[in-house]
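A.B. asks: Sharing a model prediction with you, sequence too.
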Amino acid sequence: MVVEVLSMEHVQGMYVTKCTQLPSDQRSPDDGASTGGIQQQLFVLFSHNTGQNLKIAVGLPIRIYPPWQKLTIPNYSEPVILSTYFCQSLGGDGDPIQDGDDDTASGRASTSAATFSPLKKPFQPLKLFEGIYSKPSSHTTPSGSLLESITSMSDVKKVVSDSILDCIAESGAYTSSGMCIRARVQRVYCKRIKSPGTQGFRQHSIPSTDHTVQWLMLLQDSHGVFCELQLPVDTPTRPKWKEHIQRGEGKVLTFSGVKVVHRTNRSRSPGLFSLIDSVSCHGDDIVGQAFSSQSESDTEDHALRVSKKFQGQNFCYTLGFQLGQGAIEDIQEDTKQVLYKLPSVCDLGELSQEANINQRISFYASVLHACPETNIELPGHPASESSSTHNTGWHMLVSDTSLMRSEEESGSREDARKIRGEGSGVEYVYLHVRSGCVVNAGNWTVVGQFRSLVFCKDICVQQGGTLYADMYSAILKLDNNCQGCDRLTGCHQPQDGDIITKLSRVTMPTLSQLTNNSSVHTLVSATGTIIGVDESTAYSWPVCPVCANEKLQEQESGSQLRCCECNLPVTNPVIKMYLEVFLDCEASQENNSAVKVKLLQSTIESILPLLEEQEEGYDMQCILGQALQPTKCFLSNITVIPSGERCIELEEICVGDD
C-alpha cells in the first residue's frame, strides 16, 4: 500500500498522519483501497522511531508493507492503519530515499506545504465528563481526537472476547489495561523458573538450586483455539487465585488484564502441542462422521479435504498478566464454550496394543521403585543439592493389576513385554520422569516409596512404546480425602472408589537373575561375592536424628553438634553410609564385564563389622570375599569404558516388609 502524507502531527510519542492512498500495483486485496480512480483518505499511525527514520513530511509518499493492523474507531469514517517497521520512504520517481536524498524530500514537502499545512491545535482544558465516543466537531483537529479516542478505548473499554485470536488482533501489540478473554481451562501445570534476584554471577560448574515454581493454564476458547496463560509467581499466596489452581481445571473463567508474552510453534514446543493435540477434538472422529453420507468414490477426496482442515493448531500464544492489573473471575457455565476434555485413563495392560506415538495417556498405578537419575547422594556434592530440591530426572517402575491379566489373555508373551520389565508374575512399566516435571510439595518422599499409589496424568508415549513425564504431566498421590485433583498439594481423589483397593493388591514380582542380556531400567536379582569397593564414593556422615538433616555444625565448645535446620543439640547423631561394591557373579564372568552395586544402608550395616570407638574407619579387607545374598536391584545403566570392558550399574531397591 502506497500513501501520501496530507498532514501530520506528533502527539504523545507517535506520528499521527492523515494520508491519501495512491494507486499501487503491489496493493493487497484487503488493504481497503477504493476503485474507480477515487483516492481514499485514511489515518496512519507511526511510532516515533519509525517517523524519524522515514523523515515524515507533508507530501512525502510512503510504501507500507504488510503486516499492518487496521483499527476501527467509532464516529470516524476514515480507516485507521497502525503501521509497523516495514515501511519505505519513496522519492519523486518512486525510488527509495538514500542518505543523500534529503533535498528531494524537503523540496517536495515545501511545495506541498502551501496546500497542506501541518495542523496545530491550541491547548484547551479537557472536559471532565465528556464521553470518549462523542463525535468530533467539524472544526476540531481530527488527529488529536483520534489519538485520544484510541488511548481511551484501550484504557477504559473492557470488552470480554470469546475469541483469543480476535482479541489479540483488535488490541494490537500493547494496551495499558490489557485484554479481557473468556475461555475454558483445559489443564493446569507448572514449571521451574529462576527466582528473582538470582541472575547474578555464579560458577557455571555448580548447578543453581535457586528456583521457584510458576503455574500455567492451557486455555481453549469457544472457537477451539488454544493458548497458554502464565500466572503470577505469587499466585499460591493469593487465596482467590490459589483456588483456581486447585479447582480451576475444567471451568470457564474470565481473564482480564492479559497481554501477549510470546508466540511459539510445534517445532519449538513439541511438548505443549502434544498436550494440545491430546485435549483437542480429533479429526478422525469428524472425518468418520463426514463419511457416513458419502459414497465410496468420493471418500478419498473428501477425507483429504477434511483431514487438512483438522490437522491441529500449529502455533500458540503465551499470555501473561499486566503488572498489578490481572484478574480472574468465575462465570456461569456457557453453552457456547467447548467441553472439558477429561484425561484419557487406561490400564497399563492396554499400552502394547493401543499406544500411539506422541499420544498422552493417564493411568493409576502402584510404585515398585523410584530413584533419581543422579546417583551421587553425598552431602555437599552439587548433584546432591540438585537432587534434594528435586531438580533432576527420576526413574520409576510402576504396575497395576491389568498387566497380569493382559499377559494371560494375549497369546503372545513377547508382545506383552515390549514396554514392560522382564520379571515373571506381575509385570511393570518403566516411566522416565524428566527434570521438567514438578512434583509438588516435596512429594517425591511420598510417591517414590515402595507400593505408593499414584495417578500419572498426561504421560507421553514415546517412540518404541516407552513412557515419559514432562512439564505438562503430573504425578499425584491417591487420596480419598482429597477433593478432586489438587495440584498444589499433589493429591488426587479417584472417581472409582475401588481403584485404591485394587492397586493395593499389586506386589513385587519374582525377579530374574542378572545376566549380560538383562536390559537397562529393569528389576533383577543379583547374587555374588564382593571383590572390590569404589573407594572414591565410600563415605559416612552424621545426620540429625530428629529431622534427618545433614547440615550439622559444631558448637563453640567443640564437644557437641547442633542441627542448623531444627536448631536442636545433637548428642547421638545417626550415621549415614554410602557404599558401592563390585561383585563376582555370572554376569561379570561373561564378556569381561564389571558389576557394581550401590547398597542400601541396612545391607551396608549387615556386611560391616562393629566399629570400636577408637577406630576412625574400616579395613577394606573386612568385606572382601563376603557373599552377597540374592538382592533385588534396579539396573540403572550399562556403560562401556575405552578398554572395552562393560560396567553394569545396579542399585539395591527397598521393598519394605514385602
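C.D. replies: Sure thing, it's come through.

A.B. asks: Run a quick neighbour tally on residue 332.
C.D. replies: Using other CB atoms under 10 Å, residue 332 has 5 neighbouring residues. To be clear about C-beta, it is placed using only N, CA and C from the backbone, and glycine gets the same treatment.

A.B. asks: so what's residue 631 bridging to?
C.D. replies: In this structure, residue 631 bridges to residue 526 when assessed by DSSP bridges.

A.B. asks: okay, now it: neighbour count?
C.D. replies: Around residue 631 there are 20 other residues, counting by other CB under 10 Å.

A.B. asks: Please report how far it lies from residue 187.
C.D. replies: Using CB to CB, to the nearest Å, one gets 41 Å for the distance from residue 631 to residue 187.

A.B. asks: pLDDT at residue 353, what is it?
C.D. replies: Residue 353 carries a pLDDT value of 49.

A.B. asks: cool, and residue 413?
C.D. replies: The model reports residue 413 with a pLDDT of 44.

A.B. asks: Residue 464 now?
C.D. replies: We have a pLDDT of 71 for residue 464.

A.B. asks: bridging residues for residue 457?
C.D. replies: With DSSP bridges as the criterion, residue 457 is bridged to residue 474.

A.B. asks: shouldn't it be in contact with residue 344?
C.D. replies: No: contact criterion CB atoms under 8 Å: residue 457 and residue 344 do not qualify, at 9.9 Å.

A.B. asks: Identify the contacts common to the two.
C.D. replies: Each of residue 362 lies in contact with both residue 457 and residue 344 under the rule CB atoms under 8 Å, 6 or more residues apart in numbering.

A.B. asks: quick one: which of these two has more around it?
C.D. replies: Neighbours were counted for residue 457 and for residue 344 using other CB under 10 Å; residue 457 has more, 23 against 14.

A.B. asks: dump the residue contacts of the more buried one.
C.D. replies: Residue 457 sits next to 343, 362, 473, 474, 475, 476, 485, 492 when contact means CB under 8 Å, 6+ apart.

A.B. asks: Report the buried members of the residues you listed.
C.D. replies: For the contacts of residue 457, a neighbour count by 16 or more other CB atoms under 10 Å gives the buried set as 343, 362, 473, 474, 475, 476, 485, 492.

A.B. asks: distance of the fifth one from residue 363?
C.D. replies: Right, residue 475. Residue 475 sits 11 Å away from residue 363, going by CB to CB.

A.B. asks: same thing with the fourth one?
C.D. replies: With the distance defined as CB to CB, residue 474 ends up 12 Å from residue 363.

A.B. asks: how about the helices in the stretch 451-600 of the chain?
C.D. replies: For the stretch 451-600 of the chain, applying DSSP state H, counting those that start in this stretch gives helices covering 499-503.

A.B. asks: now it, which segments are flagged as low pLDDT?
C.D. replies: For the stretch 451-600 of the chain, the stretches flagged by pLDDT under 70 are 484, 557-559.

A.B. asks: let's see it at 90
C.D. replies: Applying pLDDT under 90 to the stretch 451-600 of the chain flags residues 451, 461-466, 479-501, 504-510, 515-517, 535-543, 545-576, 586-593.

A.B. asks: same for the one helix or strand residue 190 maps to, what does it pack against?
C.D. replies: Taking DSSP states H and E as the criterion, residue 190 maps to strand 179-194. Strand 179-194 sits against helix 164-171, strand 211-220, strand 252-265, helix 270-279, with contacts defined as 3 or more CB pairs under 8 Å, 6 or more residues apart in numbering; DSSP states H and E.

A.B. asks: Quick check: neighbours of the longest one in the sheet, parallel or antiparallel?
C.D. replies: Same thing as strand 252-265. Here strand 252-265 has these sheet partners by DSSP bridges: strand 179-194 (antiparallel), strand 315-321 (antiparallel), strand 327-330 (antiparallel).

A.B. asks: Which of those strands sits closest to residue 585?
C.D. replies: With CB to CB as the criterion, residue 585 lies closest to strand 179-194 of the strands paired with strand 252-265, at 40.5 Å.

A.B. asks: and the closest one, which residues are buried?
C.D. replies: Buried residues in strand 179-194, counted by 16+ other CB under 10 Å: 179-192.
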